[in-house]
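[1] Structure for this input, please:
(2 chains)
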Amino acid sequence: MEEIFLKALVKGDSKIITKIYTISFPFVKKFIKENKGSTQDAEDIFQKALLQISVRHRKEKINIKSTFEGYIFTVCKNLWRRELNKQKNRVTNSEIVEHVSETRDNSLALVEQKRQELFIEKLNEISDNCRNILTLFFAKTSYADIVKDTEYTSESVVRQRVFKCKKRLTDLIKKDVRFNSLKEL
Amino acid sequence: MNLEDDILIEHFLRNKLSKEDKSQFLKRIENDKYFKEAFLIEKQLFESLNNEEWSFAENINVEEIEEYEELFNSEETLKLKNKIERVSFNYKKNIKRKRIITFVTSIAAVILLFVILNNSFNSSIDFEKIYSENIELKKMPSFISRGEESSITNLIVAEKLFKEKKYKESVSKFDEVLLKNKENGSIYVYKAIAHIELGQYHKAEGVLNKLINSDLIDAQKGYWYKGLLFIKSNKLEKAKELLNMIVEKSYFKNKKAKKILTEL
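    Just a heads-up that it's a prediction; the model follows:
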């Protein structure tokens, strides 16, 4: 079924694209409206997501592990997260933001999405214990709170554990060839 | 990378370094390739795996970016973009249409409800009209010409009170008369109407039932007035049933009953 949707996007099959809209757009609209956005924002993001998926599938064939609805929702969610952070940077950064074309920006968003997927994939490859502690750590949970939420006895033990788990995760990421074209230089 | 450097990177990313430490940190990034690599990967992880942030591609291999850019700029993508925009437009139009249909349906439902309520309201006015047009109080037989006996006197007083719309008092008088005289059907009718006018429908029905069940010539009049009582008290089905019976059996006022049935 996922393949049907992907092929329809590449071919531009209006009937299937309408179906995608009917199935997925209400969820995306709800999410964006609940997160500082408008219906117009949801429409723009949804269209960007469809284009992104189509371009990416044309180049390298996307392998969707969940459902198409789940995947398109994640892409939209990330595009919206990106947009909100772009707005935040514009406000907080006094530096002149380099203007990029729409297609360049879409390409950057696509690569960022790929990087995000790679990180999550690798995070799922490490032990449950490491994944849990890193999830708390990256969510900016303080060491003191991690001690409270886990079985670790002290902050220094947590710190050691985070250090080791992060090393495992970064090693896995660096070993993956896909990271070569995604990493910051 | 050692734990100390890891803590340093973490403090930088969490904005916990002093101004001085921060500038030293940035200098080290410029000069220490491994430290920079460790910092960058941690920064990417930190921004990617935190729902409130996003890891922007700031300085990555442009080759891949350019390949995607070419695809985004291709004719196929532009065609797809137009198609998506059209689908989006139609989707919105359909949603709008559905909303309008829902809106119109809701309005129609409200109007229908209003019409029903209004009709039933009007009906109650009509019922009242039917009742008042047919009760013909002025045509009620008068007891005055019937003599001067004491029972008759009471009857005249009752009638007088009735005509003065003093229904409560008239009911008491009719009760007194009925204790002695149960042979006059009109007394039942008067008393029943007085009860109706007082809104005592149940009592009115009881009086009319007595008339209906009596052997009096006027007994069948009881059905007619009971029919009017049902109309007045909005018991439409019961009224229809009774009026139909009056028509079928050609009872008292059967023609009027037929007329009312057409109106109902």
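
[2] And the pLDDT at residue B:150?
    On pLDDT, residue B:150 comes in at 54.

[3] ok, now the one 5 residues further on?
    On pLDDT, residue B:155 comes in at 78.

[4] Distance check, it against residue B:218.
    15 Å (CB to CB, to the nearest Å). Every C-beta, even on glycine, is put in place using the N, C-alpha and C of the backbone.

[5] Which one of the two is surrounded by more residues?
    A count of neighbours by other CB atoms under 10 Å in any protein chain shown puts residue B:155 above the other of residue B:155 and residue B:218, at 27 against 20.

[6] Report the secondary structure state of residue A:107.
    helix (DSSP: H, G, I helix; E, B strand; the rest coil).

[7] My read is that it contacts residue B:72, right?
    Yes. Taking contacts as CB atoms under 8 Å, residue A:107 lies within contact range of residue B:72: 5.9 Å.

[8] can you pull the contacts of residue B:8?
    B:17, B:25 (CB atoms under 8 Å, 6 or more residues apart in numbering or on different chains).

[9] buried sites along the strand or helix carrying it?
    Using DSSP states H and E, residue B:8 maps to helix B:3-13. Buried residues in helix B:3-13, counted by 16 or more other CB atoms under 10 Å in any protein chain shown: B:5-6, B:8-10, B:12-13.

[10] Just give me the closest of these to residue B:48.
    Using CB to CB, residue B:13 comes nearest to residue B:48 of these, at 12.5 Å.

[11] Helices of the stretch 51-200 of chain B, start to end?
    B:62-73, B:75-135, B:150-163, B:167-180, B:185-197 (DSSP state H, counting those that start in this stretch).

[12] and the longest one, anywhere near chain A?
    What that stands for is helix B:75-135. Yes. Against chain A, helix B:75-135 shows contacts by CB under 8 Å from any CB of the partner chain at B:76-77, B:79-81, B:83-88, B:90-92.

[13] Just put those in TSV and tack on distance to residue A:10, neighbour count and pLDDT.
    Shown next, in TSV, are the residues of helix B:75-135 next to chain A (distance: CB to CB, whole Å; neighbours: other CB atoms under 10 Å in any protein chain shown; pLDDT from 0 to 100):
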residue	distance to residue A:10	neighbour count	pLDDT
B:76	8	14	92
B:77	10	19	94
B:79	11	11	93
B:80	8	23	94
B:81	13	17	94
B:83	12	17	93
B:84	12	22	94
B:85	17	12	93
B:86	17	13	93
B:87	15	22	92
B:88	18	19	92
B:90	20	13	91
B:91	20	18	91
B:92	24	14	88
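
[14] Can you list the low-confidence ranges for chain B?
    B:118-125, B:144-153 (pLDDT under 70).

[15] Just give me the residue right at the centre of it.
    The centre of chain B sits closest to residue B:113, judged by CA atoms, centre = their mean, with a distance of 7.2 Å.

[16] buried stuff in stretch B:202-209?
    Applying 16+ other CB under 10 Å to stretch B:202-209 flags B:203-205, B:207-208 as buried.

[17] Return the closest of the buried residues of helix B:3-13 with respect to chain A.
    Proximity of the buried residues of helix B:3-13 to chain A was ranked by CB to the nearest CB; the top entry is residue B:6 with 5.3 Å.

[18] For the closest one, which residues are in contact?
    Applying CB under 8 Å, 6+ apart to residue B:6 gives the contacts A:163, A:166, B:38, B:42.

[19] which parts of stretch A:160-175 are buried?
    Of the residues in stretch A:160-175, those buried (16+ other CB under 10 Å) are A:161-163, A:165-166, A:169-170, A:172-173.

[20] Same check on stretch B:187-197?
    B:187-197.

[21] How far does it sit from its chain's centre?
    38 Å (CA atoms, centre = their mean, to the nearest Å).

[22] cool, and stretch B:20-28?
    With CA atoms, centre = their mean, you get 71 Å for stretch B:20-28.

[23] Throw the buried residues of stretch B:202-209 into a markdown table and include distance to residue A:92 and secondary structure, thanks.
    Formatted as a markdown table, the buried residues of stretch B:202-209 follow (distance: CB to CB, whole Å; DSSP: H, G, I helix; E, B strand; the rest coil):
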| residue | distance to residue A:92 | secondary structure |
| --- | --- | --- |
| B:203 | 84 | helix |
| B:204 | 84 | helix |
| B:205 | 84 | helix |
| B:207 | 89 | helix |
| B:208 | 88 | helix |
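
[24] Out of these, flag the one nearest to chain A.
    Nearest to chain A, judged by CB to the nearest CB, of the buried residues of stretch B:202-209 is residue B:205 at 59.2 Å.

[25] Next, the contact list for the closest one, please.
    With CB under 8 Å, 6+ apart, residue B:205 has these contacts: B:192, B:226, B:229.

[26] go again using 10 Å as the cut-off
    Applying CB atoms under 10 Å, 6 or more residues apart in numbering or on different chains, we find residue B:205 in contact with B:192, B:195-196, B:212, B:222, B:225-226, B:229-230, B:233, B:235, B:238.

[27] I'd like those residues laid out as TSV, including secondary structure.
    What follows is the contacts of residue B:205, written out as TSV (three-state DSSP):
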residue	secondary structure
B:192	helix
B:195	helix
B:196	helix
B:212	helix
B:222	helix
B:225	helix
B:226	helix
B:229	helix
B:230	helix
B:233	coil
B:235	coil
B:238	helix
